[in-house]
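J.: kindly return the folded structure for what I paste below:
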Amino acid sequence: MSTELPESAVPPPTGADESSSAPSRRTFIATSTAVGGVVVAGGVFAGTVLADPEEASAAEKPPSSRVSLTVNGTRRTVTVDNRTSLLDLLREHFELTGSKKGCNAGACGACTVLIDGQRHNACLTLAVRLEDAEVTTVEGLADGDQLHPLQQAFIDQDAFQCGYCTPGQIVSGVGCIKEGHTNSPEEIREWMSGNICRCGCYVKIVRAVEQTAGRK
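T.: From the prediction side, this is the model:
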């Protein structure tokens, strides 16, 4: 009786040709990885397609609030992103571009406005926190065609050069006068030190504030 095993039952010798019909270990791993990637990608894509459009829109929309305030004597009500600064509200929503965006970090004073009579940097003030506040910008200082005394004093004293910082300087000067910090040039310089003039017109700015303070 023959004990010879069928050819199909004999394992191939080590180093045999790997081009047989049975998949190799390397092929199996590569195929599994590729299929797994397709499944994951398909799941993400399906989740994106099947997501509720309204929920997705709500998730992407930043929180906003409604605020009412008085700007230069006019009552304004607007709904804005909670991150909106007073400076951006004035310039981009109300088109009051007199307040300038200089450093946008509260260091130069170009955006100075009066809030309830007090000086503030508009770039550091959140608009949504100003419910029922009264804001005065450089546009609100004049009385029609009649300039505010400090605006006229800036002209008389030639207290500006490029003019970029001038709106903030004038508003800050008005606040400085109202606060009573004009007893000497040194005191004016101290209390106006938050307003930077790149052109170096400080001497004339102080003179303009002195001139206006002397009229009051």
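J.: low-confidence ranges in the chain?
T.: 1-59, 215-216 (pLDDT under 70).
J.: what's the neighbour count on residue 186?
T.: Counted with other CB atoms under 10 Å, the neighbours of residue 186 add up to 9. All C-beta atoms are positioned from the backbone trio N, CA, C, and that covers glycine.
J.: got phi/psi on it?
T.: Dihedral pair for residue 186: phi -70, psi -40, per degrees, to the nearest 10.
J.: how much space separates it from residue 192?
T.: 11 Å (CB to CB, to the nearest Å).
J.: and for residue 199?
T.: Distance, residue 199 to residue 192, by CB to CB: 15 Å.
J.: as a check, name the ranges of all strands in the chain.
T.: Taking DSSP state E to define them, one finds strands in the chain at 64-71, 74-81, 112-115, 118-121, 134-136.
J.: ranking those strands by burial, who's on top?
T.: Across those, the average number of neighbours (mean count of other CB atoms under 10 Å) peaks for strand 112-115, which reaches a mean of 24.
J.: what helices and strands are in contact with that strand?
T.: Applying 3 or more CB pairs under 8 Å, 6 or more residues apart in numbering; DSSP states H and E, we find strand 112-115 packed against strand 118-121, strand 134-136, helix 166-179.
J.: the same query, at a cut-off of 6 Å, please.
T.: Contact partners of strand 112-115 among helices and strands, from 3 or more CB pairs under 6 Å, 6 or more residues apart in numbering; DSSP states H and E: strand 134-136, helix 166-179.
J.: can I get those in TSV including distance to residue 97?
T.: Below are those laid out as TSV (distance: least, CB to CB, whole Å):
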stretch	distance to residue 97
strand 134-136	15
helix 166-179	9
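J.: looking at the ones you listed, which is nearest to residue 203?
T.: For the helices and strands packed on strand 112-115, the distance to residue 203 is smallest for helix 166-179, at 12.9 Å, taking CB to CB.
J.: got the buried residues for the closest one?
T.: 166-177 (16 or more other CB atoms under 10 Å).
J.: who has more neighbours, residue 199 and residue 192?
T.: residue 192 (24 against 12).
J.: residue 122 contacts residue 112, correct?
T.: No - the pair residue 122 and residue 112 fails to qualify as a contact (CB atoms under 6 Å) at a distance of 7.2 Å.
J.: not counting its neighbours along the chain, what's nearest residue 173?
T.: Spatial nearest neighbour of residue 173, excluding adjacent residues (CB to CB, 6 or more residues apart in numbering): residue 209 at 4.7 Å.
J.: hang on, I meant residue 62
T.: According to CB to CB, 6+ apart, the nearest residue to residue 62 is residue 81 (5.1 Å).
J.: please report how far the nearest residue to residue 196 once chain neighbours are set aside lies from residue 96.
T.: Excluding the flanking residues, the one nearest residue 196 by CB to CB, 6+ apart is residue 108, at 4.6 Å. From residue 108 across to residue 96, the span is 18 Å (CB to CB).
J.: please name the nearest non-neighbouring residue to residue 175.
T.: The shortest distance from residue 175 to any non-neighbouring residue, by CB to CB, 6+ apart, is to residue 119 (3.9 Å).
J.: run through the bridge partners of that neighbour.
T.: Under DSSP bridges, the beta-bridge partners of residue 119 are residue 114.
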